[in-house]
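1. sequence-free structure coming up:
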């Protein structure tokens, strides 16, 4: 029996298939992974997700396992080390964004919120299921516009609406698997 997947899942890359099959569109409530994915989606801007996914383990090592408290304290020496690391996207603005995001995340926590509770409140705790039978998905929505605007107001960087919509898909706030895909929520 053939397993039907979304067309974007590159069958030649096992890492990409695993991401499609086990992460994309699956509700995530793990704080560290939510923080990681926010930063990786920002790092992806202008690149392919497959490029970032292939660098994911190097990112985890370079950014101290996505420990926000450590990242918030990065200094010029650490930034220079990151910018010299060929295993990540060596873009000064994206590295600075990860540091700003760590600080914004810690501020959110200081307000008594988790990233999980903050994000999932936008969808009343339940994933939205897309029905894009024609194979097209939006690149952003009014909901991603609102979330993007609020994240920016809170000091998060590289959180434009298109990036935020991809983030929402990646952490399962939105399940946009194609109706023919075995992962499509409406198929069960």
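-> Sure thing, it's come through. Because the structure is a prediction, the values reported are computed rather than measured.
2. Run through the protein and note the low-pLDDT ranges.
-> In the predicted model, the chain carries pLDDT under 70 at residues 1-2, 131-135, 186-188.
3. just the helices in it please.
-> 14-22, 31-44, 49-62, 68-72, 76-83, 92-110, 115-120, 142-153, 161-170 (DSSP state H).
4. Which stretch among those helices is buried most, on average?
-> Stretch with highest mean neighbour count among the helices of the chain: helix 161-170 (a mean of 23; mean count of other CB atoms under 10 Å). (C-beta placed from N, C-alpha, C; glycine too.)
5. Which residues does that helix contact?
-> Helix 161-170 has contacts (CB atoms under 8 Å, 6 or more residues apart in numbering) with 23-25, 37-38, 41-42, 44-45, 49, 138-141, 143-145, 147-148, 151, 159, 174-176.
6. How about stretch 108-115?
-> Residues from elsewhere that reach stretch 108-115 (CB under 8 Å, 6+ apart): 31, 34-35, 38, 105, 118, 154.
7. measure that stretch end to end?
-> With CA to CA, to the nearest Å as the measure, the first residue of stretch 108-115 is 7 Å from its last.
8. rewinding a little: could you dump the helices of the chain to CSV with distance to residue 130?
-> CSV is the format used below for the helices of the chain (distance: least, CB to CB, whole Å):
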stretch, distance to residue 130
helix 14-22, 15
helix 31-44, 18
helix 49-62, 17
helix 68-72, 30
helix 76-83, 35
helix 92-110, 26
helix 115-120, 17
helix 142-153, 12
helix 161-170, 9
